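Q: Sequence and computational prediction follow.
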Amino acid sequence: MIDIKLLRENPNLVKENMKKKFQEHKLMLVDEVLELDQKKREATLKGDDLRSQRNSLSSEIGNLMKQGQKEEAEKIKAKVQEINQSLVENEALEEDFANQIKERMMKIPNIIHESVPIGKDDSENVEIEKFGEPVVPNYEIPYHTDIMESFGGIDLDSARRVAGNGFYYLMGDIARLHSAVISYARDFMIHKGFTYCVPPFMIRSNVVTGVMSFEEMDAMMYKIEGEDLYLIGTSEHSMIGKFKDQLLQKGELPYSMTSYSPCFRKEKGAHGIEERGVYRIHQFEKQEMIVVCEPENSWEWYEKLWSYTVELFRSMDIPVRTLECCSGDLADLKAKSCDVEAWSPRQQKYFEVGSCSNLTDAQARRLGIRIKGEKGNYFAHTLNNTVVAPPRMLIAFLENHYQDDGSITIPEVLWPYMGGTKVLVPNK
């Protein structure tokens, strides 16, 4: 959520930002907020005037009572009662205006960074840099679930019977590899100075609406029937929610945390859920990183965060590239975002394995995350980034380490997490 002062002082900037994000249908929100804001301020002034009148009359009542003029005092008391009733009605009006303003402000997108390329959707994202040489071997690489099945490592049929499409059983060496990557990613981030955390896997609705837009919420979140709880789509939700309504001390910043969690997503929309693969699924596990920091430090942190994901993948000998997300591909709270994509030698193209975002103060404003300053309190900046998210990451891992004989080589950094195993040999 942007600062309403910005909207008051520069409504055209806010409208131009909407146009850059191809959200012309939201332009009327700016004028509606300005009109409602004016009405709210008029109501506030009226309330101040009524309270001033009441204070003056209350003082007069006291003087009249001291003088024994009870009849006159009672008449003024009646006027005070009328003012009190007017105040109740006026305060209800103020609250109604405030709620209408907030409802609209929550739909207005964050101001994007000046460096963000203008484009309608992810097809217009811009490649930034490649890391590692993408290799296409001179032998065929099977589909990722076929590789897993050769190790007896996945059972989609049983998962469909138990839960439906979008779920899976991982088993044996593949399940162990999945856990090894998560454990390695955890220690990788701890060595970067991040605090490890296992957060709640459910959050309340006031946290959900603080960490994401309504459109994202509807497309992603599973609600717990009969309770004010949602299953998290990523641990970023509960990790940022940890700081909700907190006044942070400057000396304790930044908060840099890495978290493990299962993630649950509806995956509504055009992509759908495929029956055969594990690229887009309803349930997965992820190692995440979040930062809460001073506003002047957030862009430095942004560069650090995506570079950590690149470093992690390269340490496992997986070629990656970074993509600058264009304006139309940015969720409403994001000021700037880049995707990390891993090389798929089978498809001979890159695919997304992580996303890094700077939300500036938009998310903190929704959640009330402030910093105690010497000259007043102000909102923090928040950032998030994927460290690693198996089993999608396993697709890149298996394809890039698949050998002609069907075996999978294990990079050295994972040996301690695989009990010293250096090569996986298929069962069939």
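A: Arrived safely, thanks for sending.
Q: mind listing the helices for the protein?
A: Ranges of helices in the chain, per DSSP state H, are 4-9, 11-20, 27-66, 70-105, 144-150, 156-162, 172-191, 205-211, 214-220, 235-241, 298-315, 362-367, 392-400.
Q: okay if I get the ones you listed as a markdown table plus mean pLDDT, distance to N377 and mean neighbour count?
A: Bear in mind the C-beta positions are built from the backbone N, C-alpha and C, glycine included. Formatted as a markdown table, the helices of the chain follow (pLDDT from 0 to 100; distance: least, C-beta to C-beta, whole Å; neighbours: other C-beta atoms under 10 Å):
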| stretch | mean pLDDT | distance to N377 | mean neighbour count |
| --- | --- | --- | --- |
| helix 4-9 | 96 | 15 | 14 |
| helix 11-20 | 97 | 24 | 16 |
| helix 27-66 | 89 | 21 | 15 |
| helix 70-105 | 90 | 19 | 14 |
| helix 144-150 | 96 | 49 | 21 |
| helix 156-162 | 95 | 49 | 13 |
| helix 172-191 | 97 | 30 | 19 |
| helix 205-211 | 91 | 18 | 19 |
| helix 214-220 | 78 | 27 | 15 |
| helix 235-241 | 95 | 18 | 26 |
| helix 298-315 | 98 | 17 | 19 |
| helix 362-367 | 96 | 11 | 25 |
| helix 392-400 | 95 | 40 | 24 |
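Q: export those helices to JSON lines and tack on distance to I290?
A: As requested, the helices of the chain are exported to JSON lines (distance: least, C-beta to C-beta, whole Å):
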{"stretch": "helix 4-9", "distance to I290": "25"}
{"stretch": "helix 11-20", "distance to I290": "25"}
{"stretch": "helix 27-66", "distance to I290": "29"}
{"stretch": "helix 70-105", "distance to I290": "24"}
{"stretch": "helix 144-150", "distance to I290": "29"}
{"stretch": "helix 156-162", "distance to I290": "30"}
{"stretch": "helix 172-191", "distance to I290": "11"}
{"stretch": "helix 205-211", "distance to I290": "10"}
{"stretch": "helix 214-220", "distance to I290": "17"}
{"stretch": "helix 235-241", "distance to I290": "5"}
{"stretch": "helix 298-315", "distance to I290": "9"}
{"stretch": "helix 362-367", "distance to I290": "10"}
{"stretch": "helix 392-400", "distance to I290": "19"}
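Q: Of these, which is nearest K349?
A: Nearest to K349, of all the helices of the chain, is helix 392-400, at 11.3 Å by C-beta to C-beta.
Q: Identify the residues contacting the closest one?
A: 135, 141, 144, 147-148, 174, 177-178, 181, 277-279, 284, 313, 316-319, 342-346, 351, 353, 408 (C-beta atoms under 8 Å, 6 or more residues apart in numbering).
Q: what does the model give R280 for pLDDT?
A: The model reports R280 with a pLDDT of 86.
Q: And for the one 5 residues further on?
A: Turning to E285, the model gives it a pLDDT of 95.
Q: start at 45 instead
A: From this message on, residue numbering opens at 45, which makes the last subject E329.
Q: so what's the backbone phi/psi at the residue in the chain sticking out farthest from the centre?
A: Farthest-out residue of the chain from its mean C-alpha position, per C-alpha atoms, centre = their mean: G112, at 66.1 Å. Dihedral pair for G112: phi 80, psi 10, per degrees, to the nearest 10.
Q: ends of stretch 291-309, how far apart?
A: 31 Å (C-alpha to C-alpha, to the nearest Å).
Q: what pLDDT, on average, does that stretch get?
A: Per-residue pLDDT over stretch 291-309 has a mean of 96.
Q: Now do the contacts for the closest residue to P434 other than its chain neighbours.
A: The spatial neighbour of P434 that comes closest, neighbours along the chain excluded (C-beta to C-beta, 6 or more residues apart in numbering), is H222 at 4.7 Å. The contact partners of H222, by C-beta under 8 Å, 6+ apart, come to L214, E329, P434, P435, L438.
Q: which of these sit farthest apart?
A: E329 and L438 (10.9 Å).
Q: ok, R365 touching K393?
A: No: contact criterion C-beta atoms under 8 Å: R365 and K393 do not qualify, at 10.3 Å.
Q: shared neighbours of the two, anything?
A: By C-beta under 8 Å, 6+ apart, R365 and K393 have these common neighbours: W387.
Q: Those two - which one has more neighbours?
A: In this view R365 and K393 are compared by other C-beta atoms under 10 Å, and R365 has more residues nearby, 18 against 10.
Q: which other residues reach stretch 250-269?
A: The contact list for stretch 250-269 (C-beta under 8 Å, 6+ apart) reads 150-151, 246, 273-275, 277, 280-282, 284-285, 288, 308-313, 375-377, 407, 410-411.
Q: Oops, could you answer that again for stretch 90-99 instead?
A: Contact with stretch 90-99 is made by V124, I127, N128, S130, L131, N134, E135, E138, as judged by C-beta under 8 Å, 6+ apart.
Q: My read is that the last one contacts L89, right?
A: By that I understand E138. No: look at E138 against L89 with C-beta under 8 Å: they stay out of range, at 10.4 Å.
Q: Distance-wise, check A406 relative to M301.
A: Using C-beta to C-beta, to the nearest Å, A406 is found at 19 Å from M301.
Q: How about D272?
A: Distance of D272 to M301, computed by C-beta to C-beta: 25 Å.
Q: tell me, how many neighbours does A207 end up with?
A: 13.
Q: The one 5 residues further on now?
A: Close neighbours of Y212, defined as other C-beta under 10 Å, add up to 23.
Q: list the contacts for it?
A: Listed by C-beta under 8 Å, 6+ apart, the contact partners of Y212 are I198, D199, L200, A203, V322, I325, P435.
Q: one more time with 6 Å
A: Counting by C-beta atoms under 6 Å, 6 or more residues apart in numbering, Y212 touches I198, L200, A203, V322.
Q: Nearest residue to it in space, please, no chain neighbours.
A: Excluding the flanking residues, the one nearest Y212 by C-beta to C-beta, 6+ apart is A203, at 4.9 Å.
Q: correct me, but that neighbour touches F211?
A: Yes: if you go by C-beta atoms under 6 Å, A203 and F211 touch, sitting 4.2 Å apart.
Q: what residues are shared contacts of those two?
A: By C-beta under 6 Å, 6+ apart, no residue touches both A203 and F211.
Q: would you list every one of the strands in the stretch 245-394 of the chain?
A: Remark: strands assigned in the stretch 245-394 of the chain by DSSP state E, counting those that start in this stretch are 246-247, 266-267, 274-275, 291-293, 299-308, 327-337, 364-368, 380-388, 393-402.
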